[in-house]
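[1] 3D, please:
(one chain, ligands or ions: 1)
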Amino acid sequence: MPVGTQGTVKGLTGRDLVEDLRVRILLANTYHLFLRPGHDLVRQMGGLHGFMNWPNAILTDSGGYQVFSLSGLRKITDEGVVFQSHLDGDRHTFTPESTIDVQLALGSDILMVLDECPEYPVSHEVARESMERTVRWARQAFEHYRRRIAESPTRHALFPIVQGSMFPDLRRRCAESLLELNAEGYAIGGLSVGEPRPLSLEMVEASEDILPRDRPRYAMGVGMPAELPEYVARGVDMMDCVLPTRNARNGCLFTSSGRIIIKHARYRDDSRPLDQYCQCYTCGKYSRAYLRHLFLSGEILYAMLATRHNIQRYLDIMREIRQAILSDSYPEYLKTVRSASADAG
Ligand SMILES: [Zn+2]
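    Numbers count the residues shown, from 1 in each chain. Alright, predicted model coming up:
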């Protein structure tokens, strides 16, 4: 899922996303949209689908992660989290119930429960208390959500989130406790918080045999291109990450033969496309030399072209993965991508 933090994937139009890149679902951030322009305004304007004229699915996070990573003063209690807006310093409260209401107002298709995402590293005790709070909040969120849906039946899904920091025993206990919610899908959170990458994969493995096999699993906030097949190998179906879009803008482009740092002098007179195997508009029309020039000149067009390409690359990887699964050749596929990424360093 590409990330559309403010109800837009930076640098791309809906036409780019839907018609060219065939994006079927994107992620929007509840925290940002709650603060600006506000969920009530978004609801008035037809929900996010109407407001941003987006015909496909939208997943929203609960806002919890941004509260923990972006906002100023914040205080976690058993009721929820009080925080200060990073925009104007105003105080707000998110509770398990209120974040459901905000996400329903946004008209999200897949909602997330409010969870607590502990920083890394924390002690086992702190991680356990935090995980237990996350489970309690998930129960409250589901109760509230089911009441709201019974009042006005609309079609959504709500995912609880497995937490537990970097402790496999806590992750397993968390996943086991969340099973009682009988959710339509399960998210795995608390990854990419600064831990070494092998540890992220180990944490996904911890709950692998507990989460129901017939429901989607969503690893939140991962990962690098070479990691996507690794997560899938551990049962993950959905992922979101700012990397393809943010890195594109910062000059880091992902190709089928590794990374390109476009500012490097070696691309100054390189007339080849970024990736000769890529079908995207950027690779069809422009050279590395031109993209490098646009990047160094700070041109808006650079961000647009680079973002297009990186999203195409990520979606191509996911298409390759689906193809390998469908043709029953996933182990061979995994072996190939592992040796390719080892070669690329
Ligand atoms: Zn391309």
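[2] how about the helix or strand bottoming out on mean pLDDT in the chain: buried residues?
    Taking mean pLDDT, DSSP states H and E as the measure, helix 64-69 is the helix or strand of the chain with the lowest mean score, a mean of 86. Judged by neighbour count (16 or more other CB atoms under 10 Å), helix 64-69 contains these buried residues: 64-68. From N, CA and C alone the C-beta is placed, and that goes for glycine too.
[3] pLDDT weak spots in this protein?
    Scanning the chain for pLDDT under 70 picks out 345.
[4] residue numbers of it in contact with the ion?
    Contact residues (CB under 5 Å from the ion) of the chain with the ion: 278, 280, 282-283, 309.
[5] from these, pick the one nearest G189.
    Distance from G189 was checked for each of these by CB to CB. The minimum falls on H309, at 28.8 Å.
[6] so how far is E132 from the closest residue to L170 other than its chain neighbours?
    Counting by CB to CB, 6 or more residues apart in numbering, the nearest residue to L170 once its immediate chain neighbours are dropped is G164, at 3.2 Å. G164 sits 10 Å away from E132, going by CB to CB, to the nearest Å.
[7] out of the two, which sits in the busier spot?
    G164 (28 against 17; other CB atoms under 10 Å).
[8] so who does the more buried one touch?
    Each residue near G164 by CB atoms under 8 Å, 6 or more residues apart in numbering is listed here: 127-128, 131, 170-174, 190, 203, 206.
[9] can I get those residues in TSV including neighbour count and secondary structure?
    Rendered in TSV, the data for the contacts of G164 read as follows (neighbours: other CB atoms under 10 Å; DSSP: H, G, I helix; E, B strand; the rest coil):
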residue	neighbour count	secondary structure
A127	24	helix
R128	18	helix
M131	24	helix
L170	22	helix
R171	26	helix
R172	17	helix
R173	20	helix
C174	30	helix
G190	31	coil
M203	25	helix
A206	23	helix
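[10] so which of the residues of the chain next to the ion wins on neighbours?
    Comparing these on neighbour count, H309 comes out first with 27 neighbours (neighbours: other CB under 10 Å).
[11] would you agree L33 is in contact with G4?
    No - proximity of L33 to G4 does not meet the contact threshold set by CB atoms under 8 Å, at 9.9 Å.
[12] which parts of the stretch 101-250 of the chain are strands?
    If you assign secondary structure with DSSP state E, counting those that start in this stretch, the strands in the stretch 101-250 of the chain sit at 110-112, 157-159, 161-162, 186-188, 217-219, 238-239.
[13] the ones you listed: which one's closest to P118?
    With CB to CB as the measure, strand 161-162 is the member of those nearest P118 (12.3 Å).
[14] so what does the closest one touch, helix or strand wise?
    helix 168-179, strand 186-188 (3 or more CB pairs under 8 Å, 6 or more residues apart in numbering; DSSP states H and E).
[15] and the residue nearest to the spatial centre of the chain, what does it touch?
    With distances taken as CA atoms, centre = their mean, the chain has D240 as the residue nearest its mean C-alpha position (2.4 Å). Under the criterion of CB under 8 Å, 6+ apart, the neighbours of D240 are 1-3, 27, 59, 218, 220-221.
[16] from S62, how far out is it?
    The gap separating D240 from S62 is 13 Å, by CB to CB.
[17] how about C241?
    As defined by CB to CB, C241 lies at a distance of 17 Å from S62.
[18] so between the two, which is more surrounded?
    Here C241 and S62 are set side by side on neighbour count (other CB under 10 Å), and the busier one is S62, at 30 against 23.
[19] pretty sure that one sits against I110.
    No - at 11.3 Å, S62 and I110 do not qualify as touching, with contact defined as CB under 8 Å.
[20] returning to that earlier point: make a markdown table from the strands of the stretch 101-250 of the chain and add distance to T13 and mean neighbour count to it.
    As requested, these are arranged in a markdown table below (distance: least, CB to CB, whole Å; neighbours: other CB atoms under 10 Å):
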| stretch | distance to T13 | mean neighbour count |
| --- | --- | --- |
| strand 110-112 | 23 | 25 |
| strand 157-159 | 27 | 23 |
| strand 161-162 | 32 | 32 |
| strand 186-188 | 29 | 27 |
| strand 217-219 | 26 | 25 |
| strand 238-239 | 24 | 22 |
